[in-house]
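J.: Below is the structure, and that's it, no one-letter string:
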C-alpha cells in the first residue's frame with residue numbers, strides 16, 4: 001500500500017473517474033495517492049504535483065474555480081521548483097490557472 005507505484009495506480013484511477021465525470025470517486029483516489037506520495041516522496045516531487053493537478057481538474061470540472069486555483073497553485077509551486085519555468089508541465093499548469101481565472105471573469 002505504501003509505495004510510489006501504488007500512488008501512481010490511485011492517480012491513474014482518479015484520472016479515469018475524472019474523465020467519466022465521477023468526481024467524488026476521482027477525489028477519493030487522488031487523496032489516497034496524495035497521502036502515499038507525501039509519505040514516500042514528499043511535497044516537492046513531480047508526482048505530488050501531478051496529483052494536485054488532477055484534483056484541480058476535478059474542481060474546475062465542478063465549477064469550483066477557487067479550489068481549482070488553489071490546487072493548481074500547489075502544482076505550479078512544485079513544478080517551478082523542481083522542473084523549472086520552461087518545462088511543459090509548468091506551462092500547462094499556468095494554462096490551467098488561466099482557464100480558471102477566465103471562468104471567474106478575472107482577466
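T.: On my side now, so go ahead. No experiment lies behind these values; they were computed from the predicted model shown.

J.: Chain neighbours aside, what residue packs nearest to residue 63?
T.: Nearest residue to residue 63 in three dimensions, chain neighbours excluded: residue 103, at 7.6 Å (Cβ to Cβ, 6 or more residues apart in numbering). From N, CA and C alone the C-beta is placed, and that goes for glycine too.

J.: neighbours of that neighbour, just the number please.
T.: Residue 103 sits with 14 neighbouring residues when counted by other Cβ atoms under 10 Å.

J.: hang on, it packs against residue 62?
T.: No: using Cβ atoms under 8 Å, residue 103 is not in contact with residue 62, being 11.3 Å away.

J.: Please enumerate the helices of the chain.
T.: Ranges of helices in the chain, per DSSP state H, are 4-19, 23-40, 46-61, 65-82, 88-103.

J.: export these to TSV and tack on mean pLDDT?
T.: Output for the helices of the chain, formatted as TSV (pLDDT from 0 to 100):
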stretch	mean pLDDT
helix 4-19	97
helix 23-40	98
helix 46-61	97
helix 65-82	97
helix 88-103	96
